[in-house]
Every structure is written in structure tokens, then in C-alpha cells.
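K.L.:
model this:
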Amino acid sequence: MSDFVLTCESAADRTREFFASRNIPVVCFHYEIDDVVHTDDLYQSITPDKFFAQIAAGAMPKTSQVSVGEYKEFWEPFVAEGKDVLHLALSSGISGTYGSACVAAQMLADRYPQGGKVRVIDSLAASSGFGLLLEYAADVRDSGASLDETAAWIEEHKLNLHHWFFSTDLSSYLRGGRISAASAIIGTALKICPLMTVDCDGKLSPREKIRTKKRAISEMAKTMMAHVQDGADYSGKCIMSHSACREDAEAVAALIEEQVPQLKGKIEINDIGTLIGSHTGPGTVALFFMGDKRVD
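P.N.:
Purely as a prediction, here's the structure:
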């Protein structure tokens, strides 16, 4: 049994059942719609369909990161009891939450010099990619590894975790400043589905403009085959997430399962959570797997 606590944030986009079964406490982000602040509580208080329907109808959610005070409150019971904590944070290339977590960890160290220590790692990952890295970390922890050994594994392998995604609805990307108005207009008119990734700095990076959703689905599977560890012999884990477009995610999963028969179990398909979903809106399909080292 491990002698430390593994924690994360709700932006890891895995189910409540997953976090409970792997003994991983979660601290939650927040989002605001129509001047009402909500907790990103893993769809406990709203369904994914209702959330993305609100955006499709014109709602423009705003998000807020976990505060220093919330991190302190979240970790303090463990630290006060002398338990060490290893925290995996949402990519610093996407959110400032990693910095807030580091500040809170230092404040707790100053307050409890003889208590447990909190070590924070920048995952350089997001959504279920963040969640997949967390699952691998939990596997390492459960194998009997120490906090330092688990942290070292994460640092060594986190850039092997690939994120690839496309969207059929560009309105939220336009609103968030990730594409220009001209690109959104032209892209919508030509039915362009941009293929994007998360680069080695943990930032969103456009890679290719693909016409039609059908071709984007095919290209997603081809991209995995170009980067996945061991090619068609890959036997690791593969996860997908989507925002109100499960059929599109299932179409990608079917192509991959056909080409990679030794996948460890079926491809798990999750809903993109309210934190990430506030920025993607509906229509995004994302794919995550272990492969070659990410490059710019």
C-alpha cells in the first residue's frame, strides 16, 4: 500500500466512479453561466447533454481556476495528519492553476513544518489525456512505488502522452480567441475541421485543416498510427472524450480498434467536462494514447 495521497483536479475528465475506485481525491474548478457560478462537479449537478445544449443555444460560460485557498483547504487534512501528497495539475500551458497549487503547497509547508509535504507536477496535459496520465500514475503508485518514484515516472513519460482532437463547431474556439473570425467563417463555409494537438509546452497547437467530418475521423486514426508506441502492436491504454458528439467519437474508436487489435481493453469514451467544455463547446472529439515524444 502506498504511503502518499495522489490528487488531481476535475479537468482530468474521468468519471466519479473512476476517481473513487482508484482512491484519487479531486479538487474542482468552477464555471459561470448567466451570472450563476457552478462547481465543475463531474456532472453530478447537470448532465453533459444539458450543459452543451445551453452553449449551443447561445450561453457563454466563463471558467475560474482553483484558488490558492481552495487548494490549502483541500490538502490540509492530509498534511496535518503527516500524509504526503502528490498532485497532478492541469497543464500550465492552458491554465494558471499549476502556479496556484505550488503557492498553496509552500504555504502548507510553512504552516506544518513537521507535517506531510505536497509535491505538485505540471501534467502538460488536459481533459481525458490528463486523466489517462493520472491512471498510469495510479498504476505506478499501486505497484508499490514511492512518491518520488511515481513522480519520476510521470516526469519521464508525460510527453509521451498524445492529445489529438478536432471540432465540427468552431464558434467556441472563435469566442475563446483560439481562431480568428475570418478562419471561423471560412472554416464553417468549407466544413473545415481543424486537427489540433497539445504540444510539448502543454499548449493547444493547430496542426492541419481538414475538410469534412468524415475525413477528420479518418485522419484522427491515421495520426494515431503515425505516433503510437509500437504501432499496430500497441497494447497500452487509449481513451477518448467528446462534447455532445459521441457517435463521432465511436467512429474514430472503431477505426482504431480495427487497426490496433492488441489494445488494452476497449477504448474508453468520456464526456468532456464543464471546465474544458466551456472552451470547446459542442462538437469536439479528442483522442489520447502513449506514443513517441511530443515535439513542437
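K.L.:
So what touches stretch 27-38?
P.N.:
For stretch 27-38, the surrounding residues in contact (CB atoms under 8 Å, 6 or more residues apart in numbering) are 7-11, 39-42, 45-46, 54, 59-66, 70-71, 74, 97, 274-275, 278. Every residue, glycine included, has its C-beta placed from N, CA and C.
K.L.:
next one: stretch 40-55
P.N.:
By CB under 8 Å, 6+ apart, the residues outside stretch 40-55 that reach it are 10-11, 15-16, 19, 26, 28-31, 33, 38-39, 61, 63, 172, 243-244, 271-275, 277-278, 281-282.
K.L.:
Just the buried ones out of those, please.
P.N.:
By neighbour count, with 16 or more other CB atoms under 10 Å, the contacts of stretch 40-55 hold 10-11, 19, 26, 28-31, 33, 38, 61, 63, 172, 243-244, 271-275, 277-278, 281-282 as buried.
K.L.:
Tell me which residue of this protein is furthest from the middle?
P.N.:
Going by CA atoms, centre = their mean, the residue of the chain most distant from its centre is residue 114, 33.6 Å out.
K.L.:
Wait, a strand at that residue?
P.N.:
No. Assignment of residue 114 by DSSP: H, G, I helix; E, B strand; the rest coil gives coil, placing it outside any strand.
K.L.:
Please shift the residue numbers so they start at 766 in all later answers.
P.N.:
OK, 766 is where the count begins now, so the last one is residue 879.
K.L.:
contacting residues around residue 933?
P.N.:
Contact partners of residue 933, counting by CB under 8 Å, 6+ apart, are 958, 978, 981, 1010, 1013, 1048.
K.L.:
try 6 Å
P.N.:
Taking CB atoms under 6 Å, 6 or more residues apart in numbering, we find residue 933 in contact with 958, 978, 1048.
K.L.:
All the strands of this protein, residue numbers only.
P.N.:
Ranges of strands within the chain are 769-774, 791-792, 795-798, 801-804, 827-829, 849-854, 883-887, 926-932, 957-963, 969-976, 1003-1007, 1033-1036, 1049-1055, based on DSSP state E.
K.L.:
Could you provide the ones you listed in a markdown table, with additional columns for mean pLDDT and distance to residue 900?
P.N.:
Compiled in a markdown table, the strands of the chain are given as follows (pLDDT from 0 to 100; distance: least, CB to CB, whole Å):
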| stretch | mean pLDDT | distance to residue 900 |
| --- | --- | --- |
| strand 769-774 | 98 | 10 |
| strand 791-792 | 98 | 13 |
| strand 795-798 | 95 | 24 |
| strand 801-804 | 95 | 23 |
| strand 827-829 | 92 | 24 |
| strand 849-854 | 98 | 11 |
| strand 883-887 | 98 | 15 |
| strand 926-932 | 94 | 11 |
| strand 957-963 | 85 | 17 |
| strand 969-976 | 85 | 22 |
| strand 1003-1007 | 97 | 8 |
| strand 1033-1036 | 96 | 9 |
| strand 1049-1055 | 96 | 10 |
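K.L.:
Select, out of the ones you listed, the one closest to residue 898.
P.N.:
strand 926-932 (5.0 Å; CB to CB).
K.L.:
And that closest one, what's buried?
P.N.:
Neighbour-count burial for strand 926-932, counted by 16+ other CB under 10 Å, picks out 926, 927, 928, 929, 930, 931, 932.
K.L.:
For residue 830, which non-adjacent residue is closest in space?
P.N.:
Nearest residue to residue 830, sequence neighbours excluded (CB to CB, 6 or more residues apart in numbering): residue 862, at 4.3 Å.
K.L.:
returning to what we had before: separation between the residue farthest from the centre of the chain and residue 846?
P.N.:
Noted for residue 879: a distance of 11 Å to residue 846, by CB to CB, to the nearest Å.
K.L.:
what's the closest of the strands of the chain to residue 988?
P.N.:
For residue 988, the closest of the strands of the chain is strand 926-932, at 5.3 Å, according to CB to CB.
K.L.:
same for that closest one, what does it pack against?
P.N.:
Strand 926-932 is packed against helix 892-907, strand 957-963, helix 978-992, strand 1049-1055, with contacts defined by 3 or more CB pairs under 6 Å, 6 or more residues apart in numbering; DSSP states H and E.
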